[in-house]
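Visitor: Task: produce atomic coordinates for the following.
(one chain, ligands or ions: 1)
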Amino acid sequence: MSFKLLGLSEPILKAISKKGYDTPSPIQAKAIPPILDGYDVLASAQTGTGKTAGFTLPMLHILSENPKEKFRPIRALVLTPTRELAAQVYANVKEYSEFLNLRSTVIFGGVNQKPQVSNIRNGVDILVATPGRLLDLVNQGHISLKRIEIFVLDEADRMLDMGFLRDIERVMKLMPDRRQNLMFSATFSKDIKKLAFTILNNPVQVEATPENTAVEAISQKVYRVAKAHKTGLIIKLISDGDWKQVLVFTRTKHGANNLTKKLIGAGITAAAIHGNKSQGARTKALKGFKDGQVRVMVATDIAARGLDIPLLPHVVNFEIPNISEDYVHRIGRTGRAGAKGEAISLVSADETTFLRDIQKLIGEKLPVEIMEGFEPDPNASTTPIKPGQNRQPRNSKPKGSGDKSKSNSSSGSGGRNRNKNKSRSSNNDRRSNSSRS
Ligand code: AMP
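Guide: Below you'll find the model as predicted:
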């Protein structure tokens, strides 16, 4: 299979070849044909599968087929849950549209709106946005979504986790009924299926990996460890393994800051990335990590969502997530684009229930090891910690370093069928989550 066979235009093929891609990834091969045919698409794909190009390439193809108007109305909207993801998607849109006469821009909160407004005033065909800033600028009269032809909802599951349901519903009301909708999600909960029903019209469903399963290229392992020994164990793993780049997940922002300090104290370069950090600090941390100046990035789930860090070899769950789907998202940061990756989870007694839930979700039992010198506490309670209650009193100190470990349905059929959507149901009685990080 080649990109050419998918029916993409020459300028897009040129951009793809400049990026060095030879063949479409499975999600691209499955999603691009029905999108080009004008269908709504519901795609199951997580970051790392090439999903961004999966919706961007056909979107660019469709937009470039119609001649531009003198005044460029916004014709395509890509909604993403986080600022980092918005910036990444925009960077991709820019690259793939290099040889096309299409303009794009990105807007997100946490930074001055003035340059964003001035970019929009100049006229853009494609807008990549996070929901909050988008609605802000719509309310201020800087943006109209009345001419949207293609709407992309990226990482829909995370959108719901972050409490954006109401915002999505508001955005929907601002767009014309006749449009093409593309929805991407890594997991498919009942709520996601409900949202898909509201947004999509007779969609073609495509999936890159089986629903809710971890990527095969990732080797997964659990270390049973006393809570108080986790920091010592992670320092040992990083040092002994001579890991050059590792993404570490904590459950809370406070936990991320704490661990970062301890790693730096142990002589390991580290930076934290979470919702309380300014956009500047987040961008700087990510850049330092990508450039190799920072060895460890400690992140909360929401901050790390969708980050494109190519070929990340190690992911560590310093605390395993209490939401099982987050485990799949987290380990999806490694083993990307065909490369082998390792995902290690440090599990204390009070996380036993979470581990059980994760194993149930992914349908496999994870291999468990115990590192000498960092054994689990046999007297610790297995009662799960409550959300938000991250730390328990530490009454024992790490014993110091031990040494050895002991241990598709894509059819794409039919002719061009663009703008076939006639009416859509609205559903205003959904409840949104409350917290955003
Ligand atoms: P995404 O899932 O969109 O975040 O993409 C993951 C990574 O795969 C990004 O670094 C892309 O540049 C890369 N990528 C996307 N499509 C392809 C392809 N067809 N061949 C090789 N790499 C790709």
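Visitor: Settle this for me: S2 is touching T23, isn't it.
Guide: Yes. The criterion here is C-beta atoms under 8 Å, and S2 meets it with T23 at 6.5 Å. Every residue, glycine included, has its C-beta placed from N, CA and C.
Visitor: where do the contact lists of those two overlap?
Guide: Common contact partners of S2 and T23 (C-beta atoms under 8 Å, 6 or more residues apart in numbering): none.
Visitor: burial of T383, as a residue count?
Guide: T383 has 10 neighbouring residues, counting by other C-beta atoms under 10 Å.
Visitor: can I assume it sits in a helix?
Guide: No. Counting by DSSP: H, G, I helix; E, B strand; the rest coil, T383 is located in no helix; its state is coil.
Visitor: Model confidence at the closest residue to it other than its chain neighbours, what's the number?
Guide: Among residues not flanking T383 along the chain, D350 sits closest, at 6.1 Å (C-beta to C-beta, 6 or more residues apart in numbering). What the model reports as pLDDT for D350 is 93.
Visitor: Quick check: D350 touching P376?
Guide: No. In terms of C-beta under 8 Å, D350 does not count as a neighbour of P376; the distance is 10.8 Å.
Visitor: how near is the residue nearest to T383 to the ligand?
Guide: Look at D350 and the ligand: by C-beta to the nearest ligand atom, to the nearest Å, they are 33 Å apart.
Visitor: same thing with Q88?
Guide: 7 Å.
Visitor: Tell me the residues of the stretch 1-150 of the chain that contact the ligand?
Guide: 21, 24-25, 28, 47-53 (C-beta under 6 Å from any ligand atom).
Visitor: Swap in 8 Å and give it another go.
Guide: 3, 16, 19-25, 27-28, 45-54, 88, 92 (C-beta under 8 Å from any ligand atom).
Visitor: which residues of the chain score low on pLDDT?
Guide: Along the chain, segments meeting pLDDT under 70 span 1, 67-68, 209-217, 303-311, 335-340, 385-437.
Visitor: ok, which stretches of it are strands?
Guide: With DSSP state E as the criterion, the chain has strands at 41-44, 76-79, 104-107, 126-129, 150-153, 180-185, 204-207, 218-224, 246-249, 270-273, 296-299, 314-317, 341-347, 368-369.
Visitor: Now render the ones you listed as CSV, adding distance to E10.
Guide: Below are these laid out as CSV (distance: least, C-beta to C-beta, whole Å):
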stretch, distance to E10
strand 41-44, 24
strand 76-79, 20
strand 104-107, 20
strand 126-129, 19
strand 150-153, 21
strand 180-185, 23
strand 204-207, 25
strand 218-224, 37
strand 246-249, 38
strand 270-273, 39
strand 296-299, 39
strand 314-317, 39
strand 341-347, 35
strand 368-369, 53
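Visitor: With mean neighbour count added, can I get those strands in a markdown table?
Guide: Below are these laid out as a markdown table (neighbours: other C-beta atoms under 10 Å):
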| stretch | mean neighbour count |
| --- | --- |
| strand 41-44 | 26 |
| strand 76-79 | 25 |
| strand 104-107 | 24 |
| strand 126-129 | 27 |
| strand 150-153 | 24 |
| strand 180-185 | 25 |
| strand 204-207 | 22 |
| strand 218-224 | 20 |
| strand 246-249 | 26 |
| strand 270-273 | 25 |
| strand 296-299 | 28 |
| strand 314-317 | 24 |
| strand 341-347 | 24 |
| strand 368-369 | 14 |
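Visitor: and D167, which of those is closest to it?
Guide: Of all those, strand 76-79 sits nearest to D167, with 8.7 Å by C-beta to C-beta.
Visitor: Pull the residues that contact that closest one.
Guide: 55-56, 59, 63, 86, 89, 93, 125-131, 134, 145, 148-154, 159, 168, 171, 175.
Visitor: can you pull the contacts of T353?
Guide: 382, 384.
Visitor: Tell me, how many residues neighbour T82?
Guide: T82: 25 neighbours (other C-beta under 10 Å).
Visitor: Apologies, that question was intended for T23.
Guide: Around T23 there are 10 residues (other C-beta under 10 Å).
Visitor: And it, how close does it get to I16?
Guide: According to C-beta to C-beta, to the nearest Å, T23 and I16 sit 10 Å apart.
Visitor: Repeat that for T250.
Guide: 37 Å.
Visitor: Compare these two (neighbour count), which wins?
Guide: A side-by-side neighbour count of T250 and I16, using other C-beta under 10 Å, places T250 first with 25 against 22.
Visitor: show me the contacts for that one.
Guide: Each residue near T250 by C-beta under 8 Å, 6+ apart is listed here: 256, 258-259, 298-300, 318-319, 390.
Visitor: need these in TSV with distance to I273, can you?
Guide: Listed next are the contacts of T250 as TSV, based on distance: C-beta to C-beta, whole Å:
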residue	distance to I273
A256	7
N258	14
L259	12
V298	7
A299	5
T300	8
F318	14
E319	16
N390	17
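Visitor: re the thing from before, which ChimeraX command selects the buried ones in the residues of the stretch 1-150 of the chain next to the ligand?
Guide: Listed next is the ChimeraX selection for buried residues among those, using 16 or more other C-beta atoms under 10 Å:
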select :3,16,21,24,25,27,28,45,46,47,48,49,50,51,52,53,54,88,92
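Visitor: out of the residues of the stretch 1-150 of the chain next to the ligand, which are inside helices?
Guide: Among those, DSSP state H puts 16, 19, 27-28, 51-54, 88, 92 in helices.
Visitor: Setting aside sequence neighbours, what's the nearest residue to T52?
Guide: N92 (4.8 Å).
Visitor: Look up how far V152 lies from the one you found.
Guide: 12 Å.
Visitor: Kindly export stretch 347-361 (C-alpha atoms) in CSV.
Guide: Output in CSV follows, covering the C-alpha atoms of stretch 347-361 (Å, rounded to 0.1, in the frame of the first residue of the first chain):
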residue,chain,number,x,y,z
VAL,A,347,3.0,-0.9,42.5
SER,A,348,2.6,-0.6,46.2
ALA,A,349,0.1,-2.5,48.3
ASP,A,350,-2.6,0.1,48.2
GLU,A,351,-2.5,0.0,44.4
THR,A,352,-3.4,-3.7,44.2
THR,A,353,-7.0,-3.0,43.2
PHE,A,354,-6.0,-0.6,40.4
LEU,A,355,-3.5,-3.2,39.1
ARG,A,356,-6.2,-5.8,39.0
ASP,A,357,-8.6,-3.5,37.1
ILE,A,358,-5.8,-2.7,34.6
GLN,A,359,-5.1,-6.3,34.0
LYS,A,360,-8.8,-6.9,33.5
LEU,A,361,-9.0,-4.1,30.9
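Visitor: Nothing else from me, thank you.
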